[in-house]
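Colleague: Provided below for reference: sequence and predicted model.
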Amino acid sequence: MTTAIDGAAKNRVSLTVEPHGPTSSGDFGKGDIAELDDGMTYVPDPELERKLIRKIDWIMIPMLWWMCILAYVDRNNIGNAKAAGMTDALGMDDQAYAMLINIFFIAYLLGEIPSNLILARSRPSLYLPGIMAIWGALVCGMSQVDSYGGMLAYRFFLGLIEAGFLPGVLYLMTCWYKRNEVGKRFSIFFTALCFSGAASGLISGAVISGLDGSRGMAGWRWLFLIEGILTVATAAVAITVLPNYPATTKWLKPEQRQLLAARVLADRRSKEATHVPRKFTAFEAFKAALSDLRTYFFMVLYMLDNGSAILNYFVPTVLQQMGYEGVEAQWMTVPVWVVGTVGLIALSQSSDRTGDRRWHITGGLTLAFTSGLIVAFASIAAARYAFICFFIAGVYATLPLILTWLTEFMPLPSEKRSVAIAAANAVGNISALYGSQLWPDSDGPAYIKGFTAVACFSGVGAILAALLPIIFKVLPRFPTKAEREYAAEDEASTGGAGVSRSE
């Protein structure tokens, strides 16, 4: 059978495959980029591509999804541990608990961009499971901590190591999927954030009720130990399952690697181009991303949305203050995240079907804004609980859409895209530093200050999302020297007819 990569020479796609690692010139590895020979063009083979993408979907997405669930369970389990007595056991007050949240995100901010740059020069099949095994071991260690200082240290290193996971996964997906395909996969992946809340409630409820006091260990200690062991075990399996980049995944046939790599490249640059401009070095990618003013607008938008999502650390505590006691508070977190998952899936499917990001993000954040205000000022417990569910749905449904929107504005160079994703995610998590101060126990059970604040974050985010396309039309551009050279090479390859999509 003749495929898009066989047949006549004038229609053949050829691929330069090199080891995906650092080169002597200091460039990134080239294993994720398809190089089209002069005079050649990429010819789609929809049937073959559909089969290959379905294969990748079933192999890569479920594994990454489960890894993401455990990542968020491991970072958020201190909320369940707090409700189970951790703060009393370690002599912590509200400020000390808030610092446990803050220290994670301080380290997360420090580690995110360097980690993504390392990933771009590494094998994802080893790097992502490797950092997962390390943070799983740290969570196990948290079960044996007997002081606040020790817990603080563990949380710092947990944030530092886990920093590379989420942006690394998102970057990896952009190397496998075309732009009209990646949004759906981002959203499927982000359902793990909501499922992690439900899973955390189920696991913590079962562990704390069943093992509290067993072998002389408190239930919250068993929670850390069991979740950490589960994480390490998953990392061991992930090493055997995860692919690398399209051009370097060994279990694909050479012609399949060529087609998968070429289709993504062709989608992310001008259709007429026949030559791939050189790869950016780490410094060039960093400079290009931070010289693009659009990066900062996406940082702010993601920070506003993520600032609203800080509620996830306090859901068990808020529910306790609403009258749900002990293990019941753990169980009652589950419906909150189920509703959040349904909202995320529904909004993402609608967004992909219509091709719209702007108004779907605006709508989701408007729902969160309205729900947050209702929770802040309503007095009926059932109504407050229902609108907490809607608030979570609005906030979490828009997180993947924001990052998808970013990648659509910055399709190439891929190294710049990698840094932009990491930067938005890193700065977005700064919101945890002030968000963690909004929920002191003394404000319960209404938590008017906290819910009003996160509602305002969502409201401002909705306004910004609606205005972004207008802002970007008048926003000045300051391309770096490397970007100008990239654009010139791309234009030369089309005889002056094409313009790089990076511009």
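Modeller: Yes, it's here.
Colleague: For residue 414, see how far away residue 280 is.
Modeller: For residue 280, the distance to residue 414 (C-beta to C-beta, to the nearest Å) stands at 8 Å. For every residue, glycine as well, the C-beta is placed using N, CA and C.
Colleague: all helices for the stretch 51-200 of the chain, in order.
Modeller: Assigned by DSSP state H, counting those that start in this stretch, the helices in the stretch 51-200 of the chain fall at 86-89, 94-119, 124-142, 148-162, 165-176, 179-211.
Colleague: what bits of the stretch 201-350 of the chain have low per-residue confidence?
Modeller: Applying pLDDT under 70 to the stretch 201-350 of the chain flags the ranges 268-279, 326.
Colleague: ok, 50 please
Modeller: 270-275 (pLDDT under 50).
Colleague: burial measure for residue 242, as a count.
Modeller: Using other C-beta atoms under 10 Å, residue 242 has 22 other residues around it.
Colleague: Correction: the previous question concerned residue 62.
Modeller: Residue 62 has 12 nearby residues by other C-beta under 10 Å.
Colleague: Ok, the one 10 residues further on next?
Modeller: With neighbours defined by other C-beta under 10 Å, the count for residue 72 comes to 21.
Colleague: I'd say it and residue 198 touch.
Modeller: No. Look at residue 72 against residue 198 with C-beta atoms under 8 Å: they stay out of range, at 10.9 Å.
Colleague: Can you add distance to residue 398 and mean neighbour count and give the helices of the stretch 51-200 of the chain back as TSV?
Modeller: Output for the helices of the stretch 51-200 of the chain, formatted as TSV (distance: least, C-beta to C-beta, whole Å; neighbours: other C-beta atoms under 10 Å):
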stretch	distance to residue 398	mean neighbour count
helix 86-89	31	18
helix 94-119	20	21
helix 124-142	25	21
helix 148-162	22	20
helix 165-176	15	24
helix 179-211	10	21
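Colleague: weakest of those helices in terms of mean pLDDT?
Modeller: Here these differ in mean pLDDT, and the lowest is helix 179-211 at a mean of 80.
Colleague: now for whichever helix or strand comes after that one, which elements pack on it?
Modeller: Using DSSP states H and E, the next helix or strand after helix 179-211 towards the C-terminus is helix 219-241. If contacts are counted by 3 or more C-beta pairs under 8 Å, 6 or more residues apart in numbering; DSSP states H and E, helix 219-241 sits against helix 46-83, helix 124-142, helix 179-211.
Colleague: Could you dump the ones you listed into a markdown table with distance to residue 400 added?
Modeller: Below are these laid out as a markdown table (distance: least, C-beta to C-beta, whole Å):
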| stretch | distance to residue 400 |
| --- | --- |
| helix 46-83 | 11 |
| helix 124-142 | 18 |
| helix 179-211 | 4 |
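Colleague: could you dump the helices of the stretch 51-200 of the chain to TSV with distance to residue 387?
Modeller: Listed next are these as TSV, based on distance: least, C-beta to C-beta, whole Å:
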stretch	distance to residue 387
helix 86-89	27
helix 94-119	24
helix 124-142	32
helix 148-162	31
helix 165-176	27
helix 179-211	16
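Colleague: can you tell me how far residue 65 sits from residue 288?
Modeller: Residue 65 is 31 Å from residue 288, by C-beta to C-beta.
Colleague: of the two, who's got more company?
Modeller: residue 288 (26 against 17).
Colleague: Could you confirm that one falls within a strand?
Modeller: No. Applying DSSP: H, G, I helix; E, B strand; the rest coil, one finds residue 288 to be helix, outside a strand.
Colleague: Not counting its neighbours along the chain, what's nearest it?
Modeller: Spatial nearest neighbour of residue 288, chain neighbours left out: residue 416 (4.4 Å); criterion: C-beta to C-beta, 6 or more residues apart in numbering.
Colleague: Now do the helix or strand encompassing that neighbour and helix 165-176, the angle between them.
Modeller: Assessed by DSSP H and E, residue 416 sits inside helix 414-428. For helix 414-428 against helix 165-176, the angle by axes from the mean of the first three to the mean of the last three C-alpha atoms, to 10 degrees is 150 degrees.
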